[in-house]
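>>> I'll drop the sequence and a predicted model, then ask my questions.
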Amino acid sequence: MEQRKCLECGEPLRGRADQKFCNDLCRNAYNNKKFGASTNYMRKINRILKKNHSILEKLNPDEKTTTFKRTLEKQDFNFNHYTHTYTTRTGRIYYFCYNQGYAELENNKFMLVKNEV
């Protein structure tokens, strides 16, 4: 019978028949290598989305308010990342970060809204 080896370090395995790793360190190292690049990218985007959401939530404690683009930019709001959009019948596009949204008005002014699901 062929001896089973750890998928990460190659050490011989002892114990359960379905064991793949010799310890938790090897299991974690293996999975970090396998999923690291794609997971890091998703983590980075999620961090941006959460920061955007936090900024909008802080500036819009009520259901609806207005602010200026400069106010958002000062807090490092990232206009390139949002979770979804909503277009009204009049054609205005609201960009949402989860339940917090914004739409550009005239003169660098923005309408901030909260969408309760």
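The structure has been received and is ready for your questions. In this text the structure is predicted, and so the values were computed from the model without any measurement. Numbers count the residues shown, from 1 in each chain.

>>> which stretches in the chain count as helices?
24-59, 69-74 (DSSP state H).

>>> return the member of those helices having the minimum mean pLDDT.
Mean pLDDT is lowest for helix 24-59 among the helices of the chain, at a mean of 91.

>>> which secondary structure elements does it contact?
Judged by 3 or more C-beta pairs under 8 Å, 6 or more residues apart in numbering; DSSP states H and E, helix 24-59 is in contact with helix 69-74, strand 93-97, strand 100-104. Heads up, the C-betas are built off the backbone N, CA and C, glycines and all.

>>> list the buried residues of it.
26-27, 30, 48-49, 51-53, 55-56, 59 (16 or more other C-beta atoms under 10 Å).

>>> the inter-axis angle of that helix versus strand 93-97?
Going by axes from the mean of the first three to the mean of the last three C-alpha atoms, to 10 degrees, helix 24-59 is angled at 140 degrees with respect to strand 93-97.
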